[in-house]
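Peer 1: What follows is a protein structure lacking sequence information:
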């Protein structure tokens, strides 16, 4: 064995052991000296009377938390979880599937988590290790705010997301500790307290925090230096394109390392925009996959399928454009399919290395060591991101796996240089990068993503979902004056659908929508609920005003012989044998001085419309309600 090879083996062995020991320290720090069974929260209560932090170490606050969806409770609020909209939720976990009236809550919303813990000692300083939640929170201990991330609000406009793991040091003079967390998410496809809090003594948590930051900075600095090193090799020897891609791979993973885990980037720059931080995280991941694929392709040109590379590059290019131009709540949906692509690329790279090792290709005995560590760390991080395991100490191992990979590749490059200098052979690496922009497909993809979800495609009026959103917003604002609502259902409309088909029926609906806009003077107040039913919101208007509006609508329809005149003028159809289309209108008007609920007002107007229709059609029925 040559001297440089013996030195390389010794160096690689020492560094591999050191790097692999780093995440192990995180794991052991978290799990050493623990009893077999850790207490878990049961129905919002966690009993820690038998837990000694000095002996057993930190405790993960997992189990059943009290959860109050769409409520921000104050500390000490006497409410319990006996109501229909409250219950117990397992944390850590997502609130997406939490049922409210048998319907899942979904990703977007807000709520309150509450846990009562009973501790044994009250004369020590406690600490909470707080990971990132989706995507803004305020945390209270016994009524005192001790930590916050962003600004949790009740809507997308009032909520400001942020990702930044924190620690909170607190004292308690009572064995009962109330942990209350206001969480809001309107920015990500996953919502809720997706990672667990960790309770420990102040000294333990500060030591853990320092260690985590130290490891994060160590991996960042190491990868950046190695990336710059390999880039410099490429600048000195342009044929060594593999070194350039390896350097870019290191830089991408280094950037992702400080944008995830301890999110040191957010700690160093507290005012960093949340969307910008998210884009750095995603784009660095895309860049890492692309750089790894390019590196493997340039190293093993014949083994990597050219057609497969092109498709992967294309997907990454399209995804990059989506991330750059759209908000997180849209492009976060790309995460899982891109994770599958990443796993496929890395596992395929592993197979290529193993195949090259079987063929005894030069340098693969070094690279096989690194590829095993890298693929294992990638699969581990993706598994943690999808909550397939909950070991927080192994949540961000890719930088360390990459260090092993880079060190092995460094030995491959050193051996390659040695052989090149001795044999005077130039190593030519030819990588053809042909990623073509498919403008038409990209425009189609962007159009699908930008289609407005608030308008009815037939009439261009507001749709049912926009009505529900408006109801939610209006109910959050105090109403001091009048508020009326018109519920409209067309009479004699079915005959046109039955005899002339849906195209004529759709035309009639469009013409009626135009008349309704003409009468009300404001299309934004009008909503198509479905079929031939419409709704008009009249904030600040009395029942008398709504009645005059309804009478004007009925009058115009009669004067224009609706829809006969429109059918004759536009379609050349003479259908005088049918009855004219009229409408039955229910009006509900809110009486000031009482609790306001627009949803109840809508239901009242619906009932009023049915009474108008039963009384002979083309009628108006008015209900003034105090709700």
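Peer 2: Received it, and whenever you're ready, just let me know what you need. Note that the structure is predicted; figures quoted are calculated from it, not measured.
Peer 1: What residues does the residue nearest in space to the middle of the chain make contact with?
Peer 2: Ranked by distance to the mean C-alpha position of the chain (C-alpha atoms, centre = their mean), the top residue is residue 188 at 2.0 Å. Residue 188 makes contact with 107, 134-135, 161, 328-329, 332 under the criterion C-beta atoms under 8 Å, 6 or more residues apart in numbering. Where you see a C-beta, it was placed from the backbone N, CA and C, and this is true even at glycine.
Peer 1: Bridged to the nearest residue to it once chain neighbours are set aside, which residues?
Peer 2: In space, and not counting its chain neighbours, residue 188 is closest to residue 134: 4.8 Å by C-beta to C-beta, 6 or more residues apart in numbering. Beta-bridge partners recorded for residue 134 (DSSP bridges): residue 192.
Peer 1: and residue 134, what is it in contact with?
Peer 2: 94, 107, 183, 185, 187-188, 190-192, 194.
Peer 1: what comes up buried for stretch 211-218?
Peer 2: For stretch 211-218, the neighbour count (16 or more other C-beta atoms under 10 Å) marks 212, 215-216, 218 as buried.
Peer 1: what's the neighbour count on residue 139?
Peer 2: The number of residues packed around residue 139, counting by other C-beta atoms under 10 Å, is 23.
Peer 1: next SSE after the helix or strand where residue 146 lies?
Peer 2: Remark: residue 146 resides in strand 144-149, with elements defined by DSSP states H and E. With elements assigned by DSSP H and E, the helix or strand that comes after strand 144-149 is strand 166-170.
Peer 1: now what about the helix or strand that that following strand is followed by, what contacts it?
Peer 2: Next helix or strand after strand 166-170 toward the C-terminus (DSSP H and E): strand 176-185. Residues outside strand 176-185 that contact it (C-beta under 8 Å, 6+ apart): 61, 72-73, 75-76, 107-119, 126, 128, 133-143, 152-154, 159, 161, 191-193, 197.
Peer 1: Let's see which of these end up in strands.
Peer 2: Among these, the members found in strands (DSSP state E) are 61, 109-119, 126, 128, 136-141, 197.
Peer 1: how about the helices in the stretch 501-627 of the chain?
Peer 2: Ranges of helices in the stretch 501-627 of the chain, per DSSP state H, counting those that start in this stretch, are 502-520, 543-559, 564-571, 598-614.
Peer 1: For the third one, list every residue counted as buried.
Peer 2: This points to helix 564-571. Buried residues in helix 564-571, counted by 16+ other C-beta under 10 Å: 564, 566-567.
Peer 1: what residues are up against residue 245?
Peer 2: Each residue near residue 245 by C-beta under 8 Å, 6+ apart is listed here: 291-292, 294-295, 298, 431.
Peer 1: Most widely separated two among the residues you listed?
Peer 2: Within the contacts of residue 245, 292 and 431 form the most distant pair, 13.1 Å apart (C-beta to C-beta).
Peer 1: the more surrounded of those two?
Peer 2: A count of neighbours by other C-beta under 10 Å puts residue 292 above the other of residue 292 and residue 431, at 24 against 16.
Peer 1: Which strand or helix spans the residue lying closest to the more buried one once chain neighbours are set aside?
Peer 2: Nearest residue to residue 292 in three dimensions, chain neighbours excluded: residue 249, at 5.3 Å (C-beta to C-beta, 6+ apart). Assigned by DSSP H and E, residue 249 belongs to helix 241-259.
Peer 1: can you give me the angle the longest helix anywhere in the chain makes with helix 241-259?
Peer 2: For the chain, the helix with the greatest residue count under DSSP state H is helix 202-236. In terms of direction (axes from the mean of the first three to the mean of the last three C-alpha atoms, to 10 degrees), helix 202-236 departs from helix 241-259 by 160 degrees.
Peer 1: Buried residues, helix 202-236. List them.
Peer 2: Neighbour-count burial for helix 202-236 flags 202, 204-206, 208-209, 212, 215-216, 218-220, 222-224, 226-227, 229-231, 233-234 (criterion: 16+ other C-beta under 10 Å).
Peer 1: orientation of that helix relative to strand 166-170 in degrees?
Peer 2: Going by the same axes, to 10 degrees, helix 202-236 makes 160 degrees with strand 166-170.
Peer 1: pLDDT on helix 202-236, on average?
Peer 2: Helix 202-236 shows an average pLDDT of 80 in the prediction.
Peer 1: which helices and strands does it pack with?
Peer 2: helix 3-31, strand 126-130, strand 166-170, helix 241-259, helix 264-268, helix 398-423 (3 or more C-beta pairs under 8 Å, 6 or more residues apart in numbering; DSSP states H and E).
Peer 1: List the buried residues in the fifth one.
Peer 2: When you say that, I think you mean helix 264-268. Quick answer for helix 264-268 (16+ other C-beta under 10 Å): 264-266.
Peer 1: List the buried residues for the helix or strand following that helix?
Peer 2: Where DSSP H and E defines the elements, the next helix or strand beyond helix 264-268 is helix 274-299. The neighbour-count check on helix 274-299 (16+ other C-beta under 10 Å) flags 274, 277-299 as buried.
Peer 1: Equivalent analysis for stretch 530-538, please.
Peer 2: Buried residues in stretch 530-538 (16+ other C-beta under 10 Å): 532-538.
Peer 1: go on, stretch 155-170?
Peer 2: 159-168, 170.
Peer 1: Reformat these as JSON lines; add pLDDT.
Peer 2: Output for those, formatted as JSON lines (pLDDT from 0 to 100):
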{"residue": "159", "pLDDT": "92"}
{"residue": "160", "pLDDT": "91"}
{"residue": "161", "pLDDT": "90"}
{"residue": "162", "pLDDT": "87"}
{"residue": "163", "pLDDT": "81"}
{"residue": "164", "pLDDT": "82"}
{"residue": "165", "pLDDT": "84"}
{"residue": "166", "pLDDT": "86"}
{"residue": "167", "pLDDT": "88"}
{"residue": "168", "pLDDT": "89"}
{"residue": "170", "pLDDT": "90"}
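Peer 1: All set, thanks.
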